[in-house]
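1. Here you go, sequence then predicted model.
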Amino acid sequence: MNSPLFSTVLFQIGPVPITQAVLTTWGIMAVLVTGAYVLTRHLTSAPSKRQAAIELIVATLDTQITEATGAAPAPYRGFIGSLFVFILIANWASLIPGMEPPTAQLETDAALACLVFFSVVWFGIRGAGAAGYLRSFSKPNPVMIPLNILQSLTRVFSMFVRLFGNVMSGVFVIGIVASLAGLLVPIPLMALDLLTGLVQAYIFAVLAMVFIAATITNGTPKPQKDT
Amino acid sequence: MDYIPHVSIICATLAVAFGSIGPALAEGRAVAAAMDAIARQPEAANTISRTLFVGLAMIETTAIYCLVIALLLLFANPLLA
């Protein structure tokens, strides 16, 4: 049984070792980019069946973003949508025989969580200005500044450990059951894994959205009410 | 006598076993409360279930921390290196 904390190195490019997860990630990226390019090449105002299906996906994403942030979804659609689609496809990559989901490795999840951390800073500065973003750390009280800084780091940590733990435990359990019982027995567990993969992709995207929204609403000064 | 591997295995089991009790109880309570709320207000089901998912993810994190500790003990034990 291989340890889930170490990854297999396939080959090296110069001094950089290329692991299996990195190779799978490149494959997923290629599929996503070419798929998005091919599907959106001929967009018309009277949508065909294919375009209507894609518009349905985008509209669902928009509704979710609007409900979570209460803002117009346009600035966040690209980032949140790519996060969700990438994690979903990465989690479901285990359906292809011989492939392991790249999200079952710590490095991929850490990279995704770093993206979320930087995007929170970026959207916070863009929404409220640098001063407004820094001021959001002193909400609701200046006493909370160290705790707020700590929280902004630990929530990113918990995000990637959550994704890693869920996906990796699924892969691990299937590996153990397959080595014990073999044919057909792991299939119900794999079906459960599909559900877990979908829920984890959804949770990752929703949490990223919630963090961004919290920064924006904390940074903007509230209208003063005279009571 | 080298007792560290044995102790690590026992402690990993204990971490997962006891670490999953709290989140299990908490998630049960959260889902029960959400069911209650949806039964009272079916029209708010979307908002409630989204908040429920985020809350469940937060609760689940504690169990996953225990799992990570157990994996560290089993596969990347610093005391055994």
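-> Yep, that arrived. Numbering: from 1, shown residues only, chains lettered A, B, ... in the order given.
2. what stretches of chain A score poorly on pLDDT?
-> Within chain A, the segments meeting pLDDT under 70 span A:1-4, A:218-227.
3. Same question for chain B.
-> B:1, B:81.
4. if you set the cut-off to 80 instead, what comes out?
-> B:1, B:76-81 (pLDDT under 80).
5. show me where it has helices.
-> Assigned helices in chain B, in chain order: B:4-19, B:21-40, B:45-75 (criterion: DSSP state H).
6. tell me the angle the second one makes with helix B:45-75.
-> Per axes from the mean of the first three to the mean of the last three C-alpha atoms, to 10 degrees, the angle that helix B:21-40 makes with helix B:45-75 is 170 degrees.
7. what number of residues lie near B:S20?
-> Counted with other C-beta atoms under 10 Å in any protein chain shown, residues neighbouring B:S20 total 16. Every C-beta, even on glycine, is put in place using the N, C-alpha and C of the backbone.
8. A:I18 belongs to a strand, doesn't it?
-> Yes. Counting by DSSP: H, G, I helix; E, B strand; the rest coil, A:I18 is found in a strand.
9. Three-state assignment for A:T44, please.
-> Under three-state DSSP, A:T44 comes out as coil.
10. what's the spacing between the nearest residue to it once chain neighbours are set aside and chain B?
-> The shortest distance from A:T44 to any non-neighbouring residue, by C-beta to C-beta, 6 or more residues apart in numbering or on different chains, is to A:Q51 (7.0 Å). Taking C-beta to the nearest C-beta, to the nearest Å as the measure, A:Q51 falls 26 Å from chain B.
11. who are the neighbours in contact with A:Q51?
-> By C-beta atoms under 8 Å, 6 or more residues apart in numbering or on different chains, the contact set of A:Q51 is A:L39, A:L43, A:T44.
12. mind checking the SS state of the residue nearest to the second one when sequence neighbours are not counted?
-> Read it as A:L43. Nearest in space to A:L43, with sequence neighbours left out and distances taken as C-beta to C-beta, 6+ apart, is A:Q51 at 6.3 Å. Following three-state DSSP, A:Q51 is assigned to helix.
13. so which of the helices of chain B is the most packed in?
-> helix B:45-75 (a mean of 18; mean count of other C-beta atoms under 10 Å in any protein chain shown).
14. helices or strands up against that one?
-> Contacting helix B:45-75 under the criterion 3 or more C-beta pairs under 8 Å, 6 or more residues apart in numbering or on different chains; DSSP states H and E are the following elements: helix A:49-69, helix A:145-181, helix A:187-219, helix B:4-19, helix B:21-40.
15. rerun that using 6 Å as the cut-off
-> Judged by 3 or more C-beta pairs under 6 Å, 6 or more residues apart in numbering or on different chains; DSSP states H and E, the packing partners of helix B:45-75 are helix A:145-181, helix A:187-219, helix B:4-19, helix B:21-40.
16. I'd like to know how far A:S45 sits from chain B.
-> In terms of C-beta to the nearest C-beta, A:S45 sits 30 Å off from chain B.
17. residue contacts, that residue?
-> Counting by C-beta atoms under 6 Å, 6 or more residues apart in numbering or on different chains, A:S45 makes contact with nothing.
18. how close does it sit to A:R77?
-> A:S45 sits 20 Å away from A:R77, taking C-beta to C-beta, to the nearest Å as the criterion.
19. Next: B:A15.
-> Per C-beta to C-beta, B:A15 is found 41 Å from A:R77.
20. In terms of position in space, what residue lies nearest the middle of chain B?
-> B:A63 (2.1 Å; C-alpha atoms, centre = their mean).
21. swap in chain A?
-> Centre-nearest of chain A using C-alpha atoms, centre = their mean is A:L83, 4.1 Å out.
22. Which residue, other than its chain neighbours, is closest to that residue?
-> A:A205 (5.3 Å).
23. Over to A:S7?
-> Here the residue nearest A:S7, using C-beta to C-beta, 6+ apart, is A:T19, at 4.2 Å.
24. beta partners for the one you found?
-> Beta-bridge partners for A:T19, by DSSP bridges, are A:V9.
25. what about it, how many neighbours?
-> A:T19 is flanked by 18 other residues according to other C-beta under 10 Å.
26. That one contacts A:F11, correct?
-> No. Applying C-beta atoms under 6 Å, one finds A:T19 not in contact with A:F11, separated by 9.6 Å.
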